[in-house]
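A.B. asks: Task: produce atomic coordinates for the following.
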Amino acid sequence: MNMLNLTVKVDVSTVVGINFCGFFLEKINKGIWGKGMNKTLKRIRNIFDRNNPNIVAIIIILMILAVATIVLAVGLGPVKVSPANVANIILSQVPFLSGSIPHTWTDLDYNIVWGLRLPRVLLGMIVGASLAVVGVTMQALVRNHLADPFILGVSSGAAATATLGMLFGVFAILGEYSLSISAFLGAGLTIIFVYTISRVNGRINITQLLLSGVAISMIMDAITQIIILSAPNALGLHNASFWMSGSLAGAKWGYLSLPLVVMLLCLAVLLINYRSLNVLLLGEEAAGSLGINVKSTQKMLILVASLMSGVTIAVSGAIGFVGLMVPHITRLLIGSNHKNVLPVSALLGGILVVWVDVAARMVIAPEELPVGILTALFGGPLFIWLLKRNTKEV
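C.D. replies: As a prediction, this is how the structure comes out:
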């Protein structure tokens, strides 16, 4: 008898479910809910209209995604922490809020979130934003969408001095920040050499700039290989190789302030001069005829790109292809106006690097991959696609 009742109940519920599904599909076919969905899709398309994007709405959406990314990424790893606990731990550190936040976390959760993962995720946001902005800057400078932040050999110079410090302790006198400072010194010296060589009759020759970057990069790579071959121990060699591949593993709270300040200042300078960037894409002669001081603008772009690249590489190593991928994706979404491209690229770059870092932490957990390896795996095919596309357009 019970089996019969159970069978009847299942049959009735099944029939009701089928009827409801049929009713739902019928309404969609009649357009009652389909019209609403079409309106929603149309509004989304209007927001991301390349000719007239709603930049305020786009930035708000990306900022919400960035906050959600931080909360979710901090909780992911070999030891998982719930998003609610992550949010409570972060809010508990905010002045005037600590007393009103319920204590739902353990000491282990707190140490993982506040001591280990949150600095790493925030550094990923800053590094990704910086690399994307530098990519936009370099592409405007050389008027080529295939340019990236490391085209001037900055990463090679940073790698040479960083490996010298890691393997032989040359910069040990600088203390716990010796790696970052040594990498920044290498990046700074490299860009000075490139800038000096590229000057022709007091002006910067773009072709000379690119060729100088390639030449100095090759020299610095050779010096790096000599240093690596002379490594006194295998552990130091492993650490150097891991750092050169790009990693956020050594993130500390003390590493955040300088890259953040530099990124915000440089982004502000670029946004103030966004009209110059737009006009510069037309060529040097056209930009000069429209009242742009091409010489000073080029110097400013080189200085901004070099400063951001050097500071970023100093804390994360060389994470490639972010500065190539993100600006191009941004232009596909919202057009080429640098007033819009710069802030959107910064947000997209930060979100991208954080999620790639999460993948790097979890793919072979508890071990981890360098972030630069994963970005290269994704960026390499994209670079080839861009190259073929540009060839067809020519």
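A.B. asks: measure stretch 266-284 end to end?
C.D. replies: One end of stretch 266-284 to the other measures 22 Å (C-alpha to C-alpha, to the nearest Å).
A.B. asks: Please compute how far it lies from its chain's middle.
C.D. replies: Put simply, stretch 266-284 sits 21 Å off its chain's centre (C-alpha atoms, centre = their mean, to the nearest Å).
A.B. asks: Now it: buried residues?
C.D. replies: Under the neighbour-count criterion of 16 or more other C-beta atoms under 10 Å, stretch 266-284 has 266-267, 270, 273-274, 276-280, 284 buried. Any C-beta I mention is one placed from the backbone N, CA and C, and that applies to glycine too.
A.B. asks: How about stretch 336-343?
C.D. replies: 336-338, 340-343.
A.B. asks: Where do the strands of the stretch 201-350 of the chain begin and end?
C.D. replies: Under the criterion DSSP state E, counting those that start in this stretch, strands of the stretch 201-350 of the chain are mapped to 203-204.
A.B. asks: All the helices of it, residue numbers only.
C.D. replies: According to DSSP state H, counting those that start in this stretch, the stretch 201-350 of the chain carries its helices in the segments 206-229, 234-244, 257-272, 274-280, 284-289, 294-316, 322-334, 338-362.
A.B. asks: what would the ones you listed look like in CSV with distance to I112 and mean pLDDT?
C.D. replies: Output for those, formatted as CSV (distance: least, C-beta to C-beta, whole Å; pLDDT from 0 to 100):
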stretch, distance to I112, mean pLDDT
helix 206-229, 34, 87
helix 234-244, 22, 75
helix 257-272, 22, 92
helix 274-280, 41, 89
helix 284-289, 51, 80
helix 294-316, 21, 85
helix 322-334, 26, 87
helix 338-362, 12, 92
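A.B. asks: Now render these as CSV, adding distance to N52.
C.D. replies: Formatted as CSV, those follow (distance: least, C-beta to C-beta, whole Å):
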stretch, distance to N52
helix 206-229, 32
helix 234-244, 43
helix 257-272, 19
helix 274-280, 16
helix 284-289, 24
helix 294-316, 27
helix 322-334, 10
helix 338-362, 10
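A.B. asks: ok, the buried residues of stretch 336-343 vs I313, which is closest?
C.D. replies: Within the buried residues of stretch 336-343, the smallest distance to I313 is 20.4 Å, found for L342 (C-beta to C-beta).
A.B. asks: what's the distance between V363 and S336?
C.D. replies: Distance, V363 to S336, using C-beta to C-beta, to the nearest Å: 35 Å.
A.B. asks: Of the buried residues of stretch 266-284, which pair is most distant in space?
C.D. replies: L267 and E284 (24.3 Å).
A.B. asks: show me the residues around the spatially most central residue of the chain that make contact.
C.D. replies: Centroid-nearest residue in the chain: G128, 2.0 Å away (criterion: C-alpha atoms, centre = their mean). For G128, the contact set (C-beta atoms under 8 Å, 6 or more residues apart in numbering) comprises 322, 326, 349-354.
A.B. asks: tell me which of these is nearest to I61?
C.D. replies: Distances from I61 to these, taken as C-beta to C-beta, are shortest for I351 (11.2 Å).
A.B. asks: Now name the helix or strand holding the residue lying closest to that closest one once chain neighbours are set aside.
C.D. replies: Nearest residue to I351, sequence neighbours excluded (C-beta to C-beta, 6 or more residues apart in numbering): T69, at 5.2 Å. Element membership of T69, judged by DSSP states H and E, is helix 55-75.
A.B. asks: C-terminal to that helix, what's the next element?
C.D. replies: Sequence order places helix 83-92 as the next helix or strand after helix 55-75, per DSSP H and E.
A.B. asks: what's the closest of the helices of the stretch 201-350 of the chain to L374?
C.D. replies: Among those, helix 338-362 comes nearest to L374, with 5.1 Å by C-beta to C-beta.
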